[in-house]
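[1] Sequence first, then the predicted structure, then my questions.
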Amino acid sequence: MERKIVIPGEMIIEGEDYLPGENTEKRDGKVYSSRYGLAEEQSNLVKVIPLSGVYHPRRGNAVIGKVENVLANGWIIDIGAADSAFLSLMEVPRYVNKDAMEEVLTIDDMVTAKIWSINKRGIDLSLKGRGFGKIEEGLIFNVNSNKVPRIIGKEGSMIKIIKENTGCDITVGQNGTVLVEGNKIEDELFAKKAIMYIAERSFISGLTDLVTKWFTEQGNKK
């Protein structure tokens, strides 16, 4: 099945072999979309990648957020969701002096973290794991969180193209906040330009070829 733009209620595909995935439902042997987005099918599983809307946190998501407040037992982090998230000092992989919490993280600091729990109290974050912690440098900007799957690409294919052509390390939070770290600010801005190019064209099929061509036209600046 070719990727295609669908609207809520639109039939995507018909057949008993097809299973409904994210943002779809099946009725009478037909799979319908429940969101506006890009429909795709892999191994008979049909899903819709949303192209608009707010960030919906999920357990296991890697996110980038800003410290909003310092409490006695942790930090309140803004991750761009409807609710703020909480980072307990127990989820920081180092010794934390309770009397000097600001030495670890303070208001307006940026962090990469993982959502390890979502419950009635709210969203809980953790810094335990490779690649999580306070962001010390780099360029940070936001895209619509629903564009993230297209920016990353299948099995990381799109982000690999950007890294190879810009020489930058890139971290894309599932909440739509992006961190670009390069040797020069020019490299970081070039990577941002590429990511915004992809975000604006996330609904186009054959996007990988389009981006490869775009980099060629840009002169493969590294």
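    That came through fine. Please read all numbers here as calculations on a predicted model, not as lab measurements.
[2] in the longest helix seen in the chain, what's buried?
    Scanning the chain for the longest helix, with DSSP state H as the assignment, gives helix 185-200. Neighbour-count burial for helix 185-200 flags Asp187, Glu188, Phe190, Ala191, Lys192, Ala194, Ile195, Tyr197, Ile198, Ala199 (criterion: 16 or more other C-beta atoms under 10 Å). Bear in mind the C-beta positions are built from the backbone N, C-alpha and C, glycine included.
[3] Show me what that helix is packed against.
    Applying 3 or more C-beta pairs under 8 Å, 6 or more residues apart in numbering; DSSP states H and E, we find helix 185-200 packed against strand 139-142, helix 148-152, helix 157-166, strand 177-181, helix 207-218.
[4] Helix, strand, or coil at the residue most central in space within the chain?
    In the chain, the centroid-proximal residue (C-alpha atoms, centre = their mean) is Gln174; its distance is 2.3 Å. Counting by DSSP: H, G, I helix; E, B strand; the rest coil, the backbone at Gln174 sits in coil.
[5] Go ahead and confirm it touches Val148.
    Yes - shown here, Gln174 and Val148 form a contact pair, counting by C-beta atoms under 8 Å, at 5.8 Å.
[6] Can you give me the distance of Met11 to Thr24?
    10 Å (C-beta to C-beta, to the nearest Å).
[7] So for those two, which sits in the more crowded spot?
    Legend: neighbour count by other C-beta atoms under 10 Å for Met11 and Thr24, higher for Thr24 (22 against 11).
[8] In terms of pLDDT, where does the more buried one sit?
    For Thr24, the pLDDT comes out at 96.
[9] Correct me if wrong: it contacts Lys47.
    Yes - Thr24 is within contact range of Lys47, at 6.1 Å (criterion: C-beta under 8 Å).
[10] Need the residues touching each of these two.
    Ala39 (C-beta atoms under 8 Å, 6 or more residues apart in numbering).
[11] I'd like the buried residues of helix 185-200 laid out as a markdown table, including distance to Leu87 and pLDDT.
    What follows is the buried residues of helix 185-200, written out as a markdown table (distance: C-beta to C-beta, whole Å; pLDDT from 0 to 100):
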| residue | distance to Leu87 | pLDDT |
| --- | --- | --- |
| Asp187 | 30 | 96 |
| Glu188 | 26 | 97 |
| Phe190 | 32 | 96 |
| Ala191 | 27 | 97 |
| Lys192 | 27 | 97 |
| Ala194 | 31 | 97 |
| Ile195 | 26 | 97 |
| Tyr197 | 33 | 96 |
| Ile198 | 30 | 95 |
| Ala199 | 28 | 93 |
